Every structure is written in C-alpha cells, then in structure tokens.
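> Please work out how this folds:
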Amino acid sequence: MSSFARSVKYRLLAILAVVLVAAAGGAWWYATYYTNTPEYALKMIQECVENHDKDKIRKYIDFEHLLDTSSDALLEGLVDANIPAVGDAKDAVSSFTRMFKAPVSMSLQMAIDNYVEYGQWTKTGNSEGAGGIDADMVVQKSGIGSTSFRGLDSMAVDGDNGTAVAKVRVFQEEANEEFILDMEFVKKDNGGWQLYEITNLKDFITMVNHSRRDHVKVYLEQSAAIMTKHDAKVMSLEQDASNILGSGSLGSDDTRKALKKLMLDGVVPEWQARKGELEDMNVPAAAGSLHRLRIKICDLHIDYAQGYAKWMDDKNASTIRTADASLKQAKTLEKEAELLTRQVNSHIK
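Residues are numbered from 1 along each chain as shown. Predicted structure coming up:
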C-alpha cells in the first residue's frame, strides 16, 4: 500500500472516530441532560397530544395540582369578568362559586382527556361530567376551545428552586389576539420535569370574557340600528296598507290588487332586507339565541305577507288563517326577543 493510500486510510479512520465520539456524546447529552429539562417535558406533552397518548402524558403533567389551580382560575376569572359587584358582595359571590369547584375540576379533566385521546375537547354523547357540569360548557366558558398554540417564547429555569416558567404564546380566536401563558414546571425527584400550573390562567379567562362582553355590546348596538331603521319602514308600509283599506274595501278588485302589490313589492322585500343585514353580522356566541330569534321573526313576517298576498287572489279562508297564524307567532316571538335583549344587555353593564 502506498504512503498516500495509508494517509487517506488513517484520515478516514480519524474522521470516523470523531463521528463516533460525537454521536456517543450526543446520545449521552440527550439521555442524561436534555431528557431532564423543562423544554423536553413541554415537547413530550405536545407529542403525547399529537399521538393521542392519554397515559404517557401523565408523566409530564401534575394533573392534581393543575386541575385544582385551573378550576380556581376559571371560577375567579368568570366572577371578575361578569360580576360588577365589588368588596363584600364580590367576595360573597366568589364563596358561592366554590361549591362548583369539584364538578368543574372533573369536567376539566374530562375535556383534557378527550382532547388528548380524540383531538377534540368534548366527545359526542359524553360531555357531562360528575355533578352535572357539562364539559362543553367548561371549555366554552374558559375559551380554550378556540385557542391555538403559536410557539414557545422563552424558558426561564430556576435551578436552585427546581422550577421553570415557559412563556407560551397562544392565539385566542374570539378575542382575535395573542396571549402569553405562564406555564410553571417543577423538577421531580427523578430529575424529570412536570407542568405544575398555569399561573396567569385567571388573567387569560378574564381577557376572553371581557372580549366577549365587548363583542356582545357591539352586536347589540349594530343590530339595534338595523332594527330601528327597518321598524320605521315597516310602520310606513303599515300606514300605506291602512290608507288603501280606508279608501276602498276588500270586496273591491282594485283594493285587493293594491294590497297584494304592497305586500309583494313592499313588505316582503323589506323583511328580506332586514333578514339579510342581520345575517351579514358577526354574531358572538352569547347573542346567538337572540340573533336566531330575530331571523325567525323575519321569516314569519315574510310568510305572513306572502300568505296575505295569496289571499288577495284566492279569497280562501284557510289561506288567511295560515297567514294570521304566522303573524301571531311573530308577535309572540317579538316579545320574547325584547325580554332576551334586556337580559343580554344586563350582562354587559
């Protein structure tokens, strides 16, 4: 073998030795250091969620403490966001809500289990936790169901105390803004780390519910403007109908033609326009029932006007009875909508 060949061989062996040493060092670093860091624990939590490993994730989360503190944060955050009382009055409300802590904690556990195992916070047909607290309600009230992970901003480790705080950036869809969750990790006796508490979860829940309240306020203001505008037009159309009847009679073909034209060319398009503007609105969940009620009222008025116009042609008693039934139901629902509007308003003041 030539000296050049031997030189190349030795160099290759040297490079191989360096690679093996580096690989061994990397494996040692991974096994003895990285796996015993809070960063690794956070990474494993993410992997457990992605792999739907409900059992393994318990190794990296202290569920007993996390659920205990998270239940407190949820209840306190909801009180802060929704109860205008202060001082002794708010303390009394807070004390009253404590009786719900146990079922809320159980429902949170169920929601987390569902998310890890099935990829969704609530499982169809199995959302109610012990004590009758709906897991879906807990998810909705907390805002976690519409929150997505954006990334880890930083990790501050306190080696002396065996604690670490991860600054985790999330995006809350309802509030349409990012929030930094402070996730506290605690070092275990075996050297590993566990997620222990989300220390600013109460602030997150308060933020979400303040945002919801603001969205409801905007909805009520904008929808009130729509309703007022169209109410004025409906009153004008009702006056037109009264004038037609006042100057003629239902036995007259001309009167019936005029009323039919008013219904089809005036009343129906007017209620359709109101419905269209309402449907174009951004509706917060808290105003969903009220909004659906208003849409139903529009449909009933449209049915009435179309039925009345049909009666102008067929003069059939069953036609007008059906139309009148729609109008009667619309009037009933309008009273319910007024009551519901006052109730929704009371929660944002």
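
> burial of residue 327, as a residue count?
16 (other Cβ atoms under 10 Å). Every residue, glycine included, has its C-beta placed from N, CA and C.

> Residue 261 versus the residue nearest to it when sequence neighbours are not counted, what's the distance?
With Cβ to Cβ, 6 or more residues apart in numbering as the criterion, residue 327 has its nearest non-adjacent residue at 4.2 Å, and that residue is residue 304. Noted for residue 304: a distance of 16 Å to residue 261, by Cβ to Cβ, to the nearest Å.

> ok, these two, which is more surrounded?
Shown here are residue 304 and residue 261; by other Cβ under 10 Å, residue 304 has more neighbours (25 against 13).

> looking at this, that one is in a helix?
Yes - the assignment for residue 304 (DSSP: H, G, I helix; E, B strand; the rest coil) places it in a helix.

> separation between it and residue 199?
Counting by Cβ to Cβ - residue 304 and residue 199 are separated by 57 Å.

> now do residue 160
19 Å.

> neighbour-wise, which of the two wins?
residue 199 (14 against 6).

> thought residue 42 was touching residue 166?
Yes - contact criterion Cβ atoms under 8 Å: residue 42 and residue 166 qualify, at 5.9 Å.

> where do the contact lists of those two overlap?
152, 155, 183, 185 (Cβ atoms under 8 Å, 6 or more residues apart in numbering).

> In TSV, list these along with distance to residue 227, pLDDT and secondary structure.
TSV is the format used below for the shared contacts of residue 42 and residue 166 (distance: Cβ to Cβ, whole Å; pLDDT from 0 to 100; DSSP: H, G, I helix; E, B strand; the rest coil):
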residue	distance to residue 227	pLDDT	secondary structure
152	47	92	strand
155	52	94	strand
183	45	97	strand
185	52	97	strand
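
> neighbour-wise, which of those residues leads?
residue 185 (26 neighbours).

> Contact partners for that residue?
38, 41, 42, 163, 164, 165, 166, 193, 194, 195, 196.

> Quick check: strands, which of these are part of them?
Among the contacts of residue 185, DSSP state E puts 163, 164, 165, 166, 193, 194, 195, 196 in strands.

> Without its sequence neighbours, what residue ends up closest to residue 169?
Excluding the flanking residues, the one nearest residue 169 by Cβ to Cβ, 6+ apart is residue 150, at 4.2 Å.

> Give the closest residue to residue 67 in space, chain neighbours not counted.
That would be residue 105: by Cβ to Cβ, 6+ apart, it lies 4.7 Å from residue 67.

> meant to ask about residue 323
residue 307 (3.0 Å).

> shouldn't the one you found be in contact with residue 321?
No - applying Cβ under 8 Å, one finds residue 307 not in contact with residue 321, separated by 9.1 Å.

> what does stretch 327-341 contact?
220, 289, 290, 293, 294, 296, 297, 300, 301, 304.

> Does the third one touch residue 344 like I think?
Yes - the criterion here is Cβ under 8 Å, and residue 290 meets it with residue 344 at 5.9 Å.

> higher neighbour count, the two?
More crowded of residue 290 and residue 344, by other Cβ under 10 Å: residue 290, with 21 against 18.

> residue contacts, the more buried one?
337, 340, 341, 344.

> And the next helix or strand past whatever helix or strand it lives in?
Using DSSP states H and E, residue 290 maps to helix 288-314. Using DSSP H and E, the helix or strand that directly follows helix 288-314 along the chain is helix 317-346.

> Between helix 288-314 and that next one, find me the angle.
Calculated by axes from the mean of the first three to the mean of the last three Cα atoms, to 10 degrees, helix 317-346 forms an angle of 160 degrees with helix 288-314.

> Buried residues, helix 317-346. List them.
Using 16 or more other Cβ atoms under 10 Å as the test for burial, helix 317-346 gives 319, 320, 323, 326, 327, 329, 330, 333, 337, 340, 341, 344.

> residues touching residue 301, list them.
Residues near residue 301 by Cβ under 8 Å, 6+ apart: 267, 271, 326, 327, 330.

> if you set the cut-off to 10 Å instead, what comes out?
By Cβ atoms under 10 Å, 6 or more residues apart in numbering, the residues touching residue 301 are 234, 267-268, 270-272, 274-275, 326-327, 329-331, 334.

> Which one of the residues you listed is nearest to residue 46?
Set against residue 46, the nearest of the contacts of residue 301 by Cβ to Cβ is residue 275 (45.0 Å).
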